[in-house]
Each structure stands twice: as C-alpha cells, then as structure tokens.
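Student: Okay, predicted coordinates and the sequence, questions at the end:
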Amino acid sequence: MHDELICLFDRPGAAYDARRELRALQKELRLGRISSIAVVTRPALDSIQFEQDGNLGAGDGMRFGLVVGALLGAVLLAPFVGILVAGGAREGLATAPSVDNWVMALALAVAFASGLTALLSALGGALLGGLAAALINFGIRSRKLYALGENLAVGQAALVTRVRTAQRPPLADRLALSGGTLVRWREAEQPGAPSADDPTAASFAAYAYGAGVEHVGAFTPITPEAPPVDPRQRDLVVAECADVAHARRAARHLHRLRRSLGGLAAGNYAVVTRDKQGRARIRQAENVTAGRGALFGGLVGAGAGLLIGGFFGLLLAALAITLDQGVAVAQADAGGFIIAMTLVFGAIGALIVGLLGALLGAGVAQVVNLAYRDADLRQIAETVLPGKALLIASLYHHAGPAAVQALRAAGATIRHMPLPADQVAAAVLDEQRSAVVSADDLAAHDTRHIITTRSGVRIFVDWHRRGPHTIVLLHGAGGDHDAWRAQYPALHGAGFSTLALDLRGHGYSDRPRGADDYRLERFAEDVSDVLEVLQIRDFIMVGHCFGGMVTTMFHQAHPQLSRGYLLLDTAARAPAAPGWVATRAPWAIGLLGRLLELLPADRRALLPNNMDAFKGTGDIQLNRLMADASHTTLRAWLMVYRGIAQYDGVASLRSMTQPVWVIVGQEDTVFTVEDSKAIQRHVPGSRLITVPGANHIIVVNNPEVVEQLILDFIRDTGVFDERVAEATATRDGG
C-alpha cells in the first residue's frame with residue numbers, strides 16, 4: 001500500500017536539500033525503494049517547473065529499449081540471421097561464374113541482413129521499452145505536478161513523493177525537521193480553488209521548528225500527533241516473557257519484522273533471565289566479544305603473515321642462490337632450499353602477524369561491539385523473577401510501534417517504549433535519593449522525562465521539584481545526570497529544585513549521527529527547549545567542564561534567562577592545540593567529522609556510570625576514560641571533543657551581567673587555574689574561587705565542597721531575591 005507525502009518549503013534550495021536527505025536516509029536505514037521524489041517550483045507567476053528523480057517516462061523507456069534492442073540485435077540476432085542468410089544463399093551463389101563475385105555477394109547479403117536485423121531489433125526494443133515504461137511507471141504524473149505548482153506562491157517549492165505505509169513515519173519526520181510543512185492537497189477541489197494570483201490564497205509562511213503555517217486554498221497543514229523525532233535515533237523496547245523459550249520466540253517475531261520494515265528493525269537484542277537457583281543467564285544477538293575478535297584477527301593475521309613471510313623467504317632464497325656463485329648447487333638442492341626458506345619465514349610471519357592481528361582484533365571488537373554491557377545486563381537480571389525472562393531490543397525509533405505490536409502478538413508484556421533504562425532496573429537504582437525524602441514526596445515531586453527538542457533529538461531529564469527556584473545542572477563530557485547525585489540531599493534539603501540533563505550523546509538521550517549535531521550551539525538549544533517545555537523560568541545554571549562550555553553558549557543565545565552562573569573547571573576557549581587546528585585548518589575538523597560519522601553508534605550502556613567507583617581518580621585516568629567512551633558510545637564521545645575544539649566563548653562571557661562564580665580545583669591539569677583566571681578577566685564582576693587539593697573531577701571527588709559553593713552562591717549573591725532580580729532586569733533593560 002502506497003501513500004503520498006507533500007511538503008511545502010519557502011525556497012527551492014530547501015526542497016532540493018530535503019530530497020537529498022530522503023535519499024541518504026533511504027540508504028542508511030534500508031527503507032526500500034522510493035519510486036520517485038519530485039520537486040515543484042514556481043520561479044514566476046506564469047512559470048511552473050518540476051524535476052523528478054526515479055521517473056521512468058515513456059521517452060526514457062524508449063531510449064533504454066532502443067539501446068538494449070540494438071545491442072541484442074547486433075550481438076545475438078544479427079549473427080544468427082547472418083548465418084541463416086549465408087546458408088540459404090550459398091547454393092544460388094555457388095553457380096556464379098566468378099569465385100570472387102560469389103564471396104563478395106555472400107558477404108554483402110549477410111551484412112545487409114545483419115544490419116537490418118539490428119535496426120529492427122532496436123526499433124522493436126524502443127517500442128517495447130516505451131510501452132513497458134508507460135505501464136509500470138511509478139512516477140508522479142506531470143499533469144498532477146503542474147496542478148500542484150499552480151497553488152504555489154512565487155519563489156516557493158513543494159516536494160512530492162509516493163511511499164509505502166511503513167516508510168511514511170520516518171520520511172515525514174525527516175521532512176518536518178528539514179524545515180518543511182507537511183500538507184494535504186485537496187486535489188478534487190482544484191476547479192474551485194482560488195486563483196494563483198490571489199495573494200491571500202497563494203502565500204504561506206515557512207515552517208521551521210514547530211512554527212505553524214497559514215495557507216488558504218488547496219493545502220491543509222498536517223498537525224503531527226507528537227513532535228517529530230530524528231529517524232536515525234534508536235529506542236529500547238523491553239518485553240517481559242514467561243520463560244527463556246518464550247523470549248526467544250518473541251525475538252524471532254522481531255527478526256521477521258525486517259522483511260517488512262527493512263533496516264528499521266535491525267539492531268541488537270538480549271535475553272536476560274534467572275534460573276531457579278537465581279543465577280543470571282544472558283544471551284545476545286550481536287555480542288562481538290574480545291575473544292571472538294582476537295580469534296578472527298589472529299586467523300586473518302596468521303594467513304596474511306604466512307603469505308607475506310613466505311614470499312619474503314622465497315625472495316631471500318632466490319637472492320642467496322643467485323649471489324652464491326662460488327658453490328655449485330644441484331638443481332634439486334636449490335629447490336629444497338627455496339621451499340625450506342619459504343616455509344620457515346612463512347611460519348615466522350604467521351606467528352608474528354597472527355599475534356598482532358589477535359591484539360588488534362580484540363581491540364577492534366571492543367570498539368565496534370554492538371552488544372550491551374554485560375555488567376548492566378547482570379544488574380538488570382537481579383530485578384527479574386526466577387524463571388522469568390526479559391527481552392531487551394534496540395531498533396530505530398519508527399520501528400517501535402510495529403515491534404510492540406509484534407511482541408504483544410507473541411504474548412509478551414511491554415514495560416516501556418521508548419525506555420529510560422533506569423526504569424528497567426528501578427529496584428536497584430536511586431536508593432540514596434529515596435532516603436532523602438519520603439516515598440510520598442518522591443511520587444509527587446520527582447519526575448523523569450524524555451523531551452523531544454526542535455531538532456528531533458530526545459533529551460532525558462531528571463527533575464526534582466522542591467520549591468520555586470531551580471538549579472540546572474550540566475555534566476561534563478562522558479558523564480550524565482547521575483554525576484550530581486551526591487549533591488541532591490543538600491540542595492533539596494535547602495528547598496531548591498534541581499534539573500539534571502543527559503546532554504545529547506550522553507546517558508539516556510539520543511545520539512545524533514551528524515558531526516555538526518555536536519556543535520556546542522546544538523547542546524545549548526537542547527537546554528533551552530527543555531526549559532521551555534517544563535516551563536522553568538526561575539533558575540541558575542551550574543556547568544562542569546564541558547557543561548560549563550554549554551552554559552556559556554546558552555547565555556550567548558539567551559542572555560537574560562538565567563539568574564546566575566557557576567562555571568566549574570572549564571575554559572573560555574578550546575585548548576590550544578585543537579583550537580589552532582579548528583581555526584587554521586578547519587578542513588581537518590570537517591574531515592574528522594566525516595570519518596567519525598562512520599563509527600557505530602548503538603548504545604552499549606543500559607545503566608548510568610557508577611560514579612562512586614571513580615571517586616579519588618586523577619584527571620587522566622584510563623579506566624574512567626574507557627568507561628566514558630563505552631557509556632557515551634565512542635562516536636558520540638569523540639564528536640563531543642570535536643565540538644570542544646571549535647569552542648570559543650569569549651564573546652558570550654564578556655556579555656554576562658548576572659552574578660558569576662568561577663570555580664577551579666587547585667590541582668586541575670585539564671583546565672588549569674590559569675584557564676579560570678582567563679574566564680574571570682572576561683566576565684565583569686565575576687568571582688574566582690580556587691579549591692585546595694581538588695582536581696578536575698571536582699564534582700565526584702569533592703561533592704560536599706561543590707554543594708556548599710552552590711548554596712553560598714545563592715545566599716551571597718541573592719540571585720533568587722526578587723529585589724535583586726528586579727534591579728538586574730532594570731539595569732539590563734537600561
């Protein structure tokens with residue numbers, strides 16, 4: 001079953017860009033064939049133009065049939081006809097008085113018959129090709145495109161495509177996120193539609209980031225049921241099953257979805273259960289372990305080493321025999337010597353390269369492994385009743401409804417979709433938070449949300465409401481909302497609400513694919529969208545490291561929203577080396593982004609990082625960095641650092657008029673005290689506080705200091721005092 005998508009754009013360039021995006025999405029998600037995508041434009045009142053890719057018209061079919069028919073006629077039919085003509089004409093020509101005349105006449109007859117056959121074959125192919133194209137063409141009729149163009153305003157454009165029902169949700173969301181307005185076209189009412197020169201009927205506003213569109217005439221804007229989500233984002237679907245066999249049957253139902261949904265249903269799944277003795281049992285579909293990677297790398301390396309070493313031994317043996325002119329070597333001995341050298345060096349090469357291949361294979365397996373972290377699955381298994389089973393599947397967002405339907409048909413019970421993974425293991429998480437306030441308070445005031453932003457990226461937020469004033473907490477690179485858990489008791493006890501986000505690419509939030517999706521301006525847009533959706537107006541912002549940079553960019557976009565800022569262990573600009581590359585060789589940053597986009601992006605971590613395990617660690621700690629990369633995904637983690645390389649917050653810092661405290665650990669070696677002094681110089685009236693003995697991981701290693709500094713900032717600056725707020729607003733307005 002096919003459906004039609006019509007999307008209006010305020011300029012032709014946006015429509016052509018959207019067409020390229022749809023084709024790229026079709027290939028990446030393996031959505032199946034999109035027969036044709038047409039772009040209709042109206043450059044002038046009396047001019048309607050349209051361009052359609054994938055449209056197999058009669059003319060195209062005739063040209064294709066002409067070429068194919070000519071080739072078949074020349075290669076197959078013409079020689080066959082020539083042989084028949086030669087055989088039939090031979091008897092009559094054999095009685096010719098001259099042998100030369102007989103041969104020449106026979107050659108001319110064969111050539112004429114062959115050429116005529118090729119010509120007739122080409123004409124027949126053109127006729128059949130045109131007829132077939134007219135019958136099987138799935139393109140959009142030119143008459144329909146012209147009629148649609150008559151309803152466009154001058155300078156506007158429309159994208160039209162015919163898609164299958166399963167393709168519609170991801171393609172429609174992609175078009176909406178591309179700045180277009182999805183509309184219905186009342187084609188049946190065209191005879192009575194307003195004329196194209198009516199300015200009221202022929203004008204409409206560009207649709208961008210949720211803005212509405214007003215258009216009178218044949219177009220009716222489609223109001224989406226939910227904000228559009230980037231089709232490249234994945235969801236976790238969790239199904240509770242009666243036992244392992246039931247979970248495996250449900251997994252087979254998911255696997256069969258690939259026939260109808262294509263790549264939308266592709267992804268890893270895990271079956272988690274506990275036996276009667278309480279032992280956890282885990283089975284994953286795409287678990288490329290280090291052992292498997294080492295075995296594969298070792299075998300490939302051994303084979304390559306055998307060939308390289310053997311060839312090297314062969315060359316050495318041949319060279320030795322050639323240079324050894326003083327000794328007469330029998331031919332048989334020379335052959336044995338060559339074979340022996342080839343085998344010896346081949347074995348040495350297989351051993352050395354095989355070991356290197358095993359090491360490399362194990363490392364690559366850890367990088368590209370799409371399996372969930374075993375430790376997370378074992379923790380989740382503790383919440384499963386003995387004998388029961390959980391099926392946890394990762395698939396693209398727009399395959400979710402079909403997956404839920406298939407799992408329910410298989411008798412499974414769906415827990416959440418999309419799923420914040422902490423809700424899977426709720427029994428073993430948040431114990432410290434639950435101890436802070438009563439269960440009734442938690443139920444009434446603590447909420448978790450997945451909020452879809454204007455860019456189609458979903459952001460996870462942890463919102464604890466204790467009063468009218470909110471402290472917005474932004475974590476560092478590789479962290480998540482759980483990094484602030486230790487500060488919650490003191491902040492909530494003082495009556496302040498807290499809002500901790502998982503920035504895009506982190507925690508339970510989405511991980512976009514594009515390199516430019518990780519520019520710091522995008523992170524700031526997400527924070528703004530979250531605050532707008534939750535209607536949080538009275539707040540201060542606390543940003544640590546990378547979160548401090550996002551805070552700075554947030555101020556640049558919204559200089560009057562926050563009442564104050566605390567910048568912890570951050571900087572005014574990117575570090576020297578990456579900053580130099582970004583400014584002097586931006587092509588290198590661009591190339592790096594394109595390469596990083598090729599890395600896998602499936603999330604392996606289902607639960608938050610255990611930040612307590614890293615308490616007391618140094619600034620550069622290998623195990624913590626590896627945990628950050630695994631938790632964030634390697635691609636998103638590296639994309640974040642690519643975004644940091646392009647960061648320059650000096651202009652934003654200089655425009656800050658709110659109270660600002662700059663806090664830095666005295667032992668910080670990532671962003672040093674000098675970096676914080678530079679921030680203080682850029683921010684008029686800011687205060688610099690150096691914490692003795694603290695390093696860059698101040699939020700984890702010195703949580704009591706951080707929470708006290710936040711409370712001191714609120715008390716000393718009076719940011720939540722209404723008189724201070726009014727004075728600040730008056731000063732900024734003047």
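Tutor: That came in fine, so what should we check first?

Student: Now Glu225: which helix or strand?
Tutor: Following DSSP states H and E, there is no helix or strand that holds Glu225.

Student: Give me the number of neighbouring residues for it.
Tutor: As a burial measure, Glu225 scores 5 neighbours (other CB atoms under 10 Å). C-beta here means a position set from N, CA and C on the backbone, and glycine is covered the same way.

Student: hang on, Ala318 packs against Ile338?
Tutor: Yes: using CB atoms under 8 Å, Ala318 makes contact with Ile338 at a distance of 6.7 Å.

Student: Between these two, which is the more surrounded one?
Tutor: When neighbours are counted by other CB under 10 Å, Ile338 comes out ahead of the other of Ala318 and Ile338, with 18 against 14.

Student: Mind jotting down where the helices sit in the stretch 1-150 of the chain?
Tutor: 12-28, 58-72, 78-94, 99-136, 142-149 (DSSP state H, counting those that start in this stretch).

Student: Helix, strand, or coil at Leu567?
Tutor: Classification of Leu567 by DSSP: H, G, I helix; E, B strand; the rest coil places it in strand.

Student: Would you quantify the distance from the closest residue to it other than its chain neighbours to Arg408?
Tutor: Using CB to CB, 6 or more residues apart in numbering and skipping the chain neighbours, the partner closest in space to Leu567 is Gly548 (4.4 Å). For Gly548, the distance to Arg408 equals 45 Å [CB to CB, to the nearest Å].

Student: Out of the two, name the residue with the larger neighbour count.
Tutor: Neighbours per residue, other CB under 10 Å: of Gly548 and Arg408, the larger number sits with Gly548, 27 against 14.

Student: show me what contacts that one?
Tutor: Counting by CB atoms under 8 Å, 6 or more residues apart in numbering, Gly548 makes contact with Leu474, Leu567, Leu568, Asp569, Thr570, Ala571.

Student: who's in contact with the second one?
Tutor: The reference is to Leu567. Leu567 neighbours (CB under 8 Å, 6+ apart): Gly543, Gly548, Thr551, Thr552, Val660, Trp661, Val662, Ile663, Ser676, Ile679.

Student: Now do the domain split for the protein, please.
Tutor: As given by automatic domain parsing, the domain ranges for the chain are 2-55+140-221, 58-136, 234-287+371-422, 291-366, 440-733.

Student: if we can go back for a sec, take the contacts of Leu567 and keep only those in strands.
Tutor: Using DSSP state E, the members of the contacts of Leu567 that fall in strands are Gly543, Val660, Trp661, Val662, Ile663.

Student: Just among the residues you listed, which is most surrounded?
Tutor: Val662 (27 neighbours).

Student: Could I get the phi/psi values of the residue nearest in space to the middle of the chain?
Tutor: Among the residues of the chain, the one closest to the centroid is Arg513, at 2.7 Å (CA atoms, centre = their mean). Phi and psi for Arg513, reported as degrees, to the nearest 10, are phi -90, psi -40.

Student: picking up where we left off before, comparing the domains of the chain by mean pLDDT, which bottoms out?
Tutor: In terms of mean pLDDT, the lowest-scoring of the domains of the chain is domain 58-136 (a mean of 67).

Student: Quick check: Gly354 vs Phe345, distance?
Tutor: Using CB to CB, we find Gly354 at a distance of 14 Å from Phe345.

Student: picking up where we left off before, grab the nearest non-local neighbour of the residue nearest to the centre of the chain.
Tutor: According to CB to CB, 6+ apart, the nearest residue to Arg513 is Arg232 (5.0 Å).

Student: In this model Glu28 seems to touch that neighbour, though I could be wrong.
Tutor: Yes: between Arg232 and Glu28 there is a contact under CB under 8 Å: 7.1 Å.

Student: Looking at those two, which is more packed in?
Tutor: Taking other CB under 10 Å, Arg232 and Glu28 do not tie; Arg232 has more neighbours (21 against 13).

Student: tell me the contacts of the more buried one?
Tutor: Contacts of Arg232 were listed using CB under 8 Å, 6+ apart, and they are Leu25, Glu28, Leu29, Tyr396, Pro512, Arg513.

Student: In the residues you listed, find the pair that's most separated.
Tutor: The two members of the contacts of Arg232 with the most space between them (CB to CB) are Leu29 and Pro512, at 14.3 Å.

Student: all helices of the stretch 201-350 of the chain, in order?
Tutor: Counting by DSSP H, counting those that start in this stretch, the helices of the stretch 201-350 of the chain are 244-261, 290-323, 331-368.

Student: Out of these, the one nearest Leu120 is which?
Tutor: helix 244-261 (43.6 Å).

Student: How far away from the center of its chain is the closest one?
Tutor: 24 Å (CA atoms, centre = their mean, to the nearest Å).

Student: wait, doesn't Ala153 sit right on Arg42?
Tutor: Yes: contact criterion CB under 8 Å: Ala153 and Arg42 qualify, at 7.0 Å.

Student: can you tell me how far Arg681 sits from Ser652?
Tutor: With CB to CB as the criterion, Arg681 and Ser652 are 14 Å apart.

Student: Between these two, tell me which one has more neighbours.
Tutor: More crowded of Arg681 and Ser652, by other CB under 10 Å: Ser652, with 21 against 15.
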